[in-house]
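Enquirer: Here is a sequence with its predicted model. Questions after.
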Amino acid sequence: MNPIFFPLAALIGAAISGLPAPAFASAGHDYPFGEPGKPASATRTIEVNLADNYYEPDAISVKAGETVRFVLKNSGEFLHEFSIDTLAEHAEHRKEMVEMMEMGMLTPTGIDPEKMKMDHSKMDMSGMDHSKMDMGDTKKSKDMPMRHDDPNTVMLAPGETRGMVWKFTKAMEIEFACNMPGHYESGMLGRIDFAK
Amino acid sequence: MRKYWFGLATLFTLITLITGSGVFAATYDLTIDEMRAGYNRGQRLTMAINGQIPGPTLRFTEGEDVTINVTNKMDTDTSLHWHGILLPFTQDGVPGISFSGIKPGETFTYNFKIKQAGTYWYHSHSGLQEQEGMYGPIIITPAKREPYKYDRDYVVMLSDWSDEKAEAILGHLKKNSDYYNYAQRTAGTFFKDVSENGLAATLKDRAAWGQMRMTPTDISDVSGYTFLINGKSAEQNWTGLFKPGERVRLRLINGSAMSYFDVRIPGLKMTVVQADGNNVQPVLVDELRIAVAETYDVIVQPEEEKPFTIFAESLDRTGYARATLAPKAGMSGEIPALRPRPQLSMADMGMEMGGMDMAGMEHGAAAGADKAGREEKTSMPGMDHGAMAGMEGMDHSAMPGMDMAAMDMPGMQSGIAPKAAKPGGKVLVYGDLKAMRPYAQYRAPDREIEMKLTGNMQRYFWSIDGVKFSDAEPVRLKYGERVRFTFVNQTMMSHPMHLHGMWMQLDTGKKKFNPLKHVVNVPPGQTLSVDVPADAMGEWAFHCHLLLHMATGMMRKVIVEGPVAANVETGHE
């Protein structure tokens, strides 16, 4: 295996720009439990298999201060996500994913790069279902399509293998989860325990 | 293995023979006898399996060779049929088709290998015994890991109990088909309709219903049932425990004789993960309608430490079944009010749409009609997606008088399609069901057989193509061929059509992801198609699973025979 350790933005970033992903995506987002890690600082590798619709393993143990290199393989037939976050943030993210699905950016098996690279500030919204979008919420419409640039999240097409390096800084109740509609709800999540 | 052994030993005499590499066999003993039971005004003599209603939950494992000894202690013939299970036809348990039934005092031994996994059920296939209490759940543990995980696992088996014996119910209906139709339209509703719709429209409407020999409240033909969950009435309140944050799998099985249910758990989304025992791509819903004999597995995740009500309204709204998910025993949540009884609209019947001049259609609907081309369907705000359930696979040209565009018009919406109780809520429709795994040998059907679902309410008999089972020739399929059955429902009732021994691949336009079902609900006036890979030799029953519809003739024998066709299918990849 020759995993490519794109730090993160990869899938969407590459689709949008057509350029190699930057060495470090900086989404300007702080996480209370950790931050993107430097590959050189990683002290161990954890391989996670993303199947339809579950993870193997579905629980990991880390230490606060530890940098972990994740090697993520999507062995399933559907699009999957590996996202590290708090339960509340995951819940918010799931709402966005439902909207992206309804707008056709996401399908069960992949991302529609054409729809995904739309610049929402310039978008012609006339064809959209306004009832499904809160247009008054500019934060949402700005953040939503870019959510997968976030360094705590990797999205994998069927058959794809990707890497992610994450530094866990503080013990908190967090999970790794796939927020594709229905996946988390039916159990595609993993526990992250902080060892003392 | 260990867990399996102890789990079952309490219920059955179990002889486990380990034969290496995880393949094993087990024996289950079931006894059928009369029993006294009741929920309302005392008890009556009824029939039960192992002295309980429902019968014991049978827990099998994929790959297991099962032996089931069924002993008949009654003085009448009986049988047990394993609903949705793929097996040799001689083990299917349908008297007159698979075997000759189980005589009084005799023990019949069923033997078959379990080739599937999921939630199923079993019931008597003799006369009207099923309604007396002869039904129970089947849970089959898969050989491989399931595509979901959960912390708790409960069967939620719905059923309808009657204080009357089933034969008495049928007798009343034969004498007067409206015997149980408590909500018939009256002179009062006639004058209300006249004032709202105009006299001509009302007269025309009444004449149309009269021609069909039906009334718009005919959505179900028997009422007066007490609805049960796992054998408990709403008052007895079956309760499943959870700890907040746990995922709870609920195996919904509709073991009713005659009753559909609209099921919801206020405060919880349900993630549907299985339909009729087959895994589907998970879909989040607020509510689902479960036809007679269907099963749906859902996962819910209650986060709060409080009771949640599992609320299952009968389709005719004569009552409800209710159970509770609770952090502690003895708790009960709020019970919602019953919603109004759905009324069939003429749109449901798809009749005389072109020539209709009902007042309700003329007002404001015409503008919508001009541009209501089919390509605009998805953007029409007034569109009732629920009403479109199962329509994707339809041959629109084949539907006499059916105007798809008109379906979208205000006032012309289906009265029977399920609607969410929660504002903006999502109701499961067949179009949401996508198989988790593609069916590898998917291909176009070799031929099509149309079946008109027909009936005569006045004389109370039900039929297919106007012919009762007793007068009909069997349907003959060639082993290995792929046959499309198209059901055209020409009646005012929903019919849950059930094929024994083989899957029906419900055509929702998803091709190899079309869901596999053992029962498909065909709503009034609608048409839907299923593809059947004829992959099981022998003689099989094919019928409406409303018990009294089957008993009065809405049934066929299907014979799968040689010679073997070229394209034999083996199932999923």
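Expert: Yes, it's here.
Enquirer: Can you report how many residues lie near the residue in chain B that chain A sits nearest to?
Expert: Using Cβ to the nearest Cβ, the closest approach of chain B to chain A is made by B:P282 at 3.0 Å. (Each C-beta comes from the backbone N, C-alpha and C, glycine too.) Number of residues near B:P282 (other Cβ atoms under 10 Å in any protein chain shown) recorded here: 26.
Enquirer: who are the neighbours in contact with it?
Expert: Counting by Cβ atoms under 8 Å, 6 or more residues apart in numbering or on different chains, B:P282 touches A:N53, A:P181, A:G182, A:H183, A:E185, A:S186, B:Y148, B:T271, B:V272, B:V273, B:I299.
Enquirer: Just the pLDDT for it.
Expert: What the model reports for B:P282 is a pLDDT of 97.
Enquirer: Skip the chain neighbours and tell me the closest residue to it.
Expert: A:G182 (3.0 Å; Cβ to Cβ, 6 or more residues apart in numbering or on different chains).
Enquirer: sec struct for that neighbour, please.
Expert: coil (DSSP: H, G, I helix; E, B strand; the rest coil).
Enquirer: So it is in contact with B:V285, correct?
Expert: No. Judged on Cβ atoms under 8 Å, A:G182 makes no contact with B:V285 at a distance of 10.1 Å.
Enquirer: For A:V71, give its distance to A:E175.
Expert: For A:V71, the distance to A:E175 (Cβ to Cβ, to the nearest Å) stands at 19 Å.
Enquirer: what about the chain, any weak spots by pLDDT?
Expert: Picking chain A for this. A:1-28, A:115-148 (pLDDT under 70).
Enquirer: um, chain B though
Expert: B:1-23, B:181-223, B:349-412, B:564-573.
Enquirer: Can you name the residue of chain A nearest to chain B?
Expert: A:G182 (3.0 Å).
Enquirer: Show the contacting residues for that residue.
Expert: By Cβ under 8 Å, 6+ apart, the neighbours of A:G182 are A:N53, B:T271, B:Q281, B:P282, B:V283, B:L284.
Enquirer: 6 Å instead, please
Expert: B:T271, B:P282, B:V283, B:L284 (Cβ atoms under 6 Å, 6 or more residues apart in numbering or on different chains).
Enquirer: Neighbours of residue 57, how many?
Expert: This is for chain A. A:P57 has 12 neighbours, counted by other Cβ under 10 Å.
Enquirer: not quite, I wanted chain B
Expert: Using other Cβ under 10 Å, B:T57 has 17 other residues around it.
Enquirer: ok, it touching B:I138?
Expert: No. Counting by Cβ atoms under 6 Å, B:T57 stays clear of B:I138, with 7.4 Å between them.
Enquirer: Run through the bridge partners of B:T486.
Expert: On the basis of DSSP bridges, B:T486 is bridged to B:E450, B:S529.
Enquirer: ok, it touching B:S529?
Expert: Yes. With contacts counted by Cβ under 6 Å, B:T486 reaches B:S529, the gap being 4.5 Å.
Enquirer: Tell me which of these two has more neighbours.
Expert: Legend: neighbour count by other Cβ under 10 Å for B:T486 and B:S529, higher for B:S529 (24 against 20).
Enquirer: Just to check, the more buried one is in contact with B:V483?
Expert: No. Counting by Cβ under 6 Å, B:S529 stays clear of B:V483, with 10.5 Å between them.
Enquirer: For the helix or strand encompassing A:S83, buried residues please.
Expert: In the assignment (DSSP states H and E), A:S83 maps to strand A:80-86. For strand A:80-86, the neighbour count (16 or more other Cβ atoms under 10 Å in any protein chain shown) marks A:H80, A:E81, A:F82, A:S83, A:I84, A:D85 as buried.
Enquirer: Flag every residue of chain A that's near chain B.
Expert: Selection of chain A residues close to chain B by Cβ under 6 Å from any Cβ of the partner chain yields A:D52, A:N53, A:G182, A:E185, A:S186, A:G187.
Enquirer: list the contacts for the fourth one?
Expert: So the one you mean is A:E185. B:T271.
Enquirer: Shouldn't it be within a strand?
Expert: No. According to three-state DSSP, A:E185 belongs to no strand; its state is coil.
Enquirer: what ranges do the helices span in chain A?
Expert: A:10-17, A:87-102, A:113-116, A:138-143 (DSSP state H).
Enquirer: before we move on, what about the stretch 101-250 of chain B?
Expert: B:129-133, B:166-175, B:187-197, B:199-211 (DSSP state H, counting those that start in this stretch).
Enquirer: Against B:I97, how distant is B:N69?
Expert: 21 Å.
Enquirer: Which one's more surrounded, these two?
Expert: The neighbour count for B:N69 versus B:I97, taken as other Cβ under 10 Å, is higher for B:I97 (21 against 15).
Enquirer: In a strand, the more buried one, correct?
Expert: No. Assessed with three-state DSSP, B:I97 is coil; it does not lie in a strand.
Enquirer: Quick check on it: phi, psi?
Expert: phi -120, psi -60 (degrees, to the nearest 10).
Enquirer: give me every residue that touches it.
Expert: Contacts of B:I97 (Cβ under 6 Å, 6+ apart): B:E539, B:A541, B:K557.
Enquirer: any idea which element the last one lies in?
Expert: Read that as B:K557. strand B:555-561.
Enquirer: Could you do the first one as well?
Expert: Here B:E539 sits within strand B:538-544, counting by DSSP H and E.
Enquirer: That strand versus strand B:555-561: what angle between them?
Expert: On the basis of axes from the mean of the first three to the mean of the last three Cα atoms, to 10 degrees, strand B:538-544 is oriented at 150 degrees to strand B:555-561.
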